[in-house]
Structures are given as C-alpha cells and as structure tokens.
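S.K.: give me coordinates for this.
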Amino acid sequence: MNQPKYRYDVESAAIGNCSLMALIPVDHLPGLLNRHPELAACHHYAICRRPRISVLPINLKDDGLTIQFSADHGDGDPAVSEAEIPMMIPKGAKFDSTPSSLLRILGGDGKILFEEPAGGLLTAIMSNADRDTRLSWDLDYLDLKVVYVGQSLGPDEDRSAADRLISHSTLQKILADTLTHAPHLDVWIVLMAFDALTTLSAFGLWQGTLGPTCSEQHLEEVLTSPLRGAQLTNLVEGALIAYFQPSYNRTFKHSFPVPTHTSYGRVYAIDYNAAGFEFTTHSISTRLGSEAVEPSFIHTGVFPLHDEATRRAFFDWYDNPEFASALLTRKRDCPPDADRTPGAGP
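M.R.: Okay, here's the model as predicted:
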C-alpha cells in the first residue's frame, strides 16, 4: 500500500489557546460577573464532579487556625487530614457554625472576616509552595472529572458562559442526578476563555502533491487569514468534547471533525491539516480528567481534518525520523465577529 502524502510542502495545524480559566462553585454563578467582570471573556465551560470536601474547625489562634478536611469517596471511609494555616486573626474572632462545606470566620462585631468553600480552600492549600502548609494527600482527592462541555455563543448574540449556565437545563440535570445517585460528589464549573490561535507550520524533506507555488500560497493564507471568534469557539468546543468524551454530551463525541460542519468551516477553507486546542490547569491548581482521559494539568487535543488514508497526518513528521523538520509557530488573538451583538444574559 502506498503511504499517503502531504498536500503542501508546509503543513499547518490550528490550535486554540486558553488565556483565562476559573474554578467556580455552582452556587457562586449568580452575580459572578459583577464580582469578576473579567470572566465575561469565558465562553467555554466544563461541568465537573469530584469528591465532596468537608471542613471541621479545630482551633483558632492569633497567628493562624487549625482545621480538618475530609474527602468523601462514597465508601463510608472518608479520607481525613489536618492543616494549620498561618494568618493574622483579630482578637475576638471566632468560627461560625456553618455547613461543613464552608469555612467562615467572624469578627468580634459579627462581620464576616473570612469565608471560603471547603473545596476551594483545600485546593489553595494544596497548591501552596510552602511545604509546611501543604497536606500530604494524593492529588486525586481534588481531581475534577469532566462530565459535560459546552459554550455560550448564541446564533446571533455573544454571552458569557457564566450567564449561560444560570438557566442551563443540562447543569440542572447533572445537579439532580448527582444529588440522587452520587450525593458524595460535588459539582464544579471550570470557565475557560479560548481567544487566541497558534498556528503550527511544519517544514520537512517531503514535497507536497500540489507543488511549491500552491504551497507558498497556502502558507501565506495560513499566516494572514484570521480565524474569528465564533469559528474558534465552535472549533474548540467540538475538540474538547471529542477529547474528553463527557458522559452528558451527545453532539461531537463521535462526529468531530467533519468538513460539512459550517460553524468551524473556516479551518477547512484555509485547508489546515489538523486542528484542536491546548491548555493547562495550573492556574486553578487542579487536574482535569474524564472517563476517557487520565487526570492531568496539561491537555492537548489535536485532530486530523482529513482522511488519513489520503492525506498524511500532521504529526507524522514528528514521529518519523526520516523527516528532518522545522516548525514555525505563530500565536495571534482571534478578532470578534463584526456582525454579532454582545449579550448580557440568556
């Protein structure tokens, strides 16, 4: 059988980049953009679950507090660990009697001095570089399992993922299913802003089937043609779903990418070889995984846009030592669509 060949002397891949990420408890969604307006840039979201984290106050002193965390895996034997957190505590401060999912400290006048969900506080402690503060827990107590991926752009209107989720029927179903069938789990939201595109252009010893002139024209188009906001948003959504295979998603799980899908058709018009995304979750100090993907801080999902039987896959040059190759990388912001209207909510 003949080995499929590259179409151009330079083959390119379009990679969506995430510039902003936030880990949000579901009950913090109402009013979120008033408190954090920068999150309006997040149009992608992942609905995730992880073991419920509880906190038990132990001791409160002038120079810090001692608390006990527990993680419920649903087996009747929660994992428990104690942490001492250094902080200045005003005289007269006390722990408030709150649900075990929340740590709250009140001042002598009854005003809230400190309030943090147990899961968010534990995540912050585990990410602290100070080994005296970190717990000796395994990371998997905080791993998030992605169960649904979506995006918030409407047909003619831009809106944020935070606004979209407030009335999202699938989120409500996940919350109800979790309460009924997995009450030991908590639901969390990861908001993401994919607003930049990296183009990877590979040069090698091969000769494209369309010849040098077409190859030069193709590279020029790759380097100068923008991929606008909605096209990038739709492309990344499909790639995220195909990558994580979330249990509550239906569309794109087994049908991405396809050349007839016009919502991300620009990558086919430019004739990219492959497309996808890359991001890290170091900024939220938590690993993401799913039924199909092992938990990790780093995720890259790049998919061939063409039948590999007729056009050689983009990364074949990397895996094949017979190709002496160079890689041109260019990152640029993706402009918004001129004909779309910013939206404030659903």
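S.K.: quick one, helices of the stretch 151-300 of the chain?
M.R.: Along the stretch 151-300 of the chain, the segments classed as helices by DSSP state H, counting those that start in this stretch run 161-166, 169-181, 211-224, 229-244, 266-269.
S.K.: for the ones you listed, give me a markdown table that also has distance to W317 and mean pLDDT.
M.R.: C-beta: built from backbone N, CA, C; applies to glycine. Output for the helices of the stretch 151-300 of the chain, formatted as a markdown table (distance: least, C-beta to C-beta, whole Å; pLDDT from 0 to 100):
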| stretch | distance to W317 | mean pLDDT |
| --- | --- | --- |
| helix 161-166 | 36 | 90 |
| helix 169-181 | 40 | 96 |
| helix 211-224 | 14 | 95 |
| helix 229-244 | 21 | 95 |
| helix 266-269 | 19 | 95 |
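S.K.: mean neighbour count, those: which tops it?
M.R.: Between those, helix 229-244 has the highest mean count of neighbours, a mean of 24, where neighbours are mean count of other C-beta atoms under 10 Å.
S.K.: what is that helix packed up against?
M.R.: With contacts defined as 3 or more C-beta pairs under 8 Å, 6 or more residues apart in numbering; DSSP states H and E, the packing partners of helix 229-244 are strand 10-25, strand 44-61, strand 144-151, strand 185-203, helix 266-269, strand 274-280, strand 298-304.
S.K.: contacts for the shortest one, please.
M.R.: What that stands for is helix 266-269. Contacts to helix 266-269, defined as C-beta atoms under 8 Å, 6 or more residues apart in numbering, come from residues A14, S225, L227, R228, Q231, L235, P257, P259, A275, L305.
S.K.: wait, L205 sits on A326?
M.R.: No. L205 is beyond contact range of A326, at 10.7 Å (criterion: C-beta atoms under 8 Å).
S.K.: so where is the stretch 1-150 of the chain shaky, pLDDT-wise?
M.R.: Scanning the stretch 1-150 of the chain for pLDDT under 70 picks out 1-2, 127-139.
S.K.: could you list every residue that touches T98?
M.R.: R104.
S.K.: and it, how far from I189?
M.R.: T98 sits 22 Å away from I189 when distances are taken as C-beta to C-beta, to the nearest Å.
S.K.: ok, for Q151, nearest residue in space, not its chain neighbours?
M.R.: Nearest non-adjacent residue to Q151, counting by C-beta to C-beta, 6 or more residues apart in numbering: E237, 4.4 Å away.
S.K.: apologies, that question was intended for L240.
M.R.: V149 (4.6 Å).
S.K.: the one you found pairs with what?
M.R.: Using DSSP bridges, the bridge partners assigned to V149 are A46.
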